[in-house]
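Engineer: Predicted structure and sequence below. I'll ask about it afterward.
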Amino acid sequence: MKAVVVSLLAALAVAAGAAQEPVPVVVDPIHRPFDQILDIYVRDGLVYYRALRSERGSFDRYVQALADTSAETVNSWPPQRQLAFWINAYNAFVLRTVIDNYPIRGKAPEYPSVSIRQIPGAFERRTHRAGGKTLTLDALERDVIARFGDPRALLALGRGANGGGRLKSEAYTSERLDAQLATITSELVTRRELVHVDIGSGVLSVNPIFSWREDVFSKLADRAPEVYSTRSPLERAVLVLIDPLLVPNESAFLRKNTFRMAFHEFDWSLNDLTGR
């Protein structure tokens with residue numbers, strides 16, 4: 001009997017120890033190098049661009065792996081894995097665009113001197129290869145990522161700027177994609193760069209990303225609370241995303257439905273951690 005008790009206690013101890021061990025994060029094999037790169041060079045959405053530029057061997061191999069992945073391979077994957085692939089590709093191409101031109105010191109007066117926008121054609125003309133497609137960043141966002149119909153994915157795109165969604169310190173992966181996108185969405189009400197409820201002035205100030213991709217975000221409009229039925233589809237879409245996240249006084253203010261929604265200026269300054 002004593003031996004049985006000892007064996008039972010030992011088994012419980014092993015089980016308890018196993019329960020305390022962190023569950024390993026599963027990353028799609030093609031994105032493991034990128035996951036390691038992001039873990040090393042990204043902190044709180046900011047990037048050590050100078051260090052990444054000087055040690056870019058593994059990064060370039062990852063970008064080449066994206067180019068070597070065929071359309072047939074990508075199309076054979078479930079939608080979640082495809083979407084994770086394209087979000088990672090977009091974020092990798094933004095990083096490459098920056099480090100290929102780093103340090104940036106531009107003179108275009110409409111943007112900060114240190115900005116990805118100082119790189120000619122960064123979003124509209126420069127092309128990248130992945131999944132059997134040759135695309136600009138704009139085309140990748142508009143014609144590929146947006147067509148998955150999940151507006152949250154547009155908030156996951158690191159645009160090389162402080163004004164957008166934060167670049168994560170990990171790659172997006174199919175098994176955790178929904179949770180990762182939920183985390184990105186939760187930042188809508190914690191980062192003034194994205195959404196700010198200004199009760200004093202009666203304004204709901206939102207990021208222009210919503211207007212850039214109005215057709216995608218507006219698909220959420222029908223899920224808005226009835227109190228907002230008189231609002232435009234885009235306004236209702238924004239409210240769908242932020243309503244569950246608001247603190248009580250913000251929620252009460254918005255549900256009076258007397259606020260004005262306005263788009264604030266996008267901050268195109270480079271999300272560079274070097275030298276900070």
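Structural biologist: Looks like it came in fine.
Engineer: And Ser169, how close does it get to Tyr48?
Structural biologist: With distances defined as CB to CB, to the nearest Å, the gap from Ser169 to Tyr48 amounts to 11 Å. Using the backbone N, CA and C atoms, a C-beta is placed for each residue, glycine as well.
Engineer: Likewise for Val189?
Structural biologist: Taking CB to CB, one finds Val189 at 28 Å from Tyr48.
Engineer: Kindly report the domain assignment for this structure.
Structural biologist: 29-188, 193-263 (automatic domain parsing).
Engineer: so which of these gets nearest Ser269?
Structural biologist: Nearest to Ser269 among the domains of the chain is domain 29-188; the distance by CB to CB comes to 4.4 Å.
Engineer: what's near enough to touch the closest residue in space to Arg223 that isn't next to it in sequence?
Structural biologist: Spatial nearest neighbour of Arg223, excluding adjacent residues (CB to CB, 6 or more residues apart in numbering): Val240 at 4.8 Å. Val240 sits next to Leu220, Ala221, Arg223, Ala224 when contact means CB atoms under 8 Å, 6 or more residues apart in numbering.
Engineer: Can I get the residues you listed in CSV including pLDDT, secondary structure and neighbour count?
Structural biologist: Listed next are those as CSV, based on pLDDT from 0 to 100; DSSP: H, G, I helix; E, B strand; the rest coil; neighbours: other CB atoms under 10 Å:
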residue, pLDDT, secondary structure, neighbour count
Leu220, 97, helix, 18
Ala221, 98, helix, 19
Arg223, 97, helix, 12
Ala224, 97, coil, 19
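Engineer: Overlap of the contact sets of Ser169 and Tyr48?
Structural biologist: Val42.
Engineer: Now do the same for the most centrally placed residue in the chain: its pLDDT.
Structural biologist: The structure's the chain has its C-alpha centroid closest to Ala156; by CA atoms, centre = their mean the separation is 1.4 Å. At Ala156, the model reports a pLDDT of 98.
Engineer: now swap in Leu246 and tell me
Structural biologist: Reading off the confidence values, Leu246 has pLDDT 96.
Engineer: same thing with the one 10 residues further on?
Structural biologist: The pLDDT attached to Lys256 in the predicted structure is 97.
Engineer: okay, now it: neighbour count?
Structural biologist: Here the number of neighbours of Lys256 (other CB atoms under 10 Å) works out to 9.
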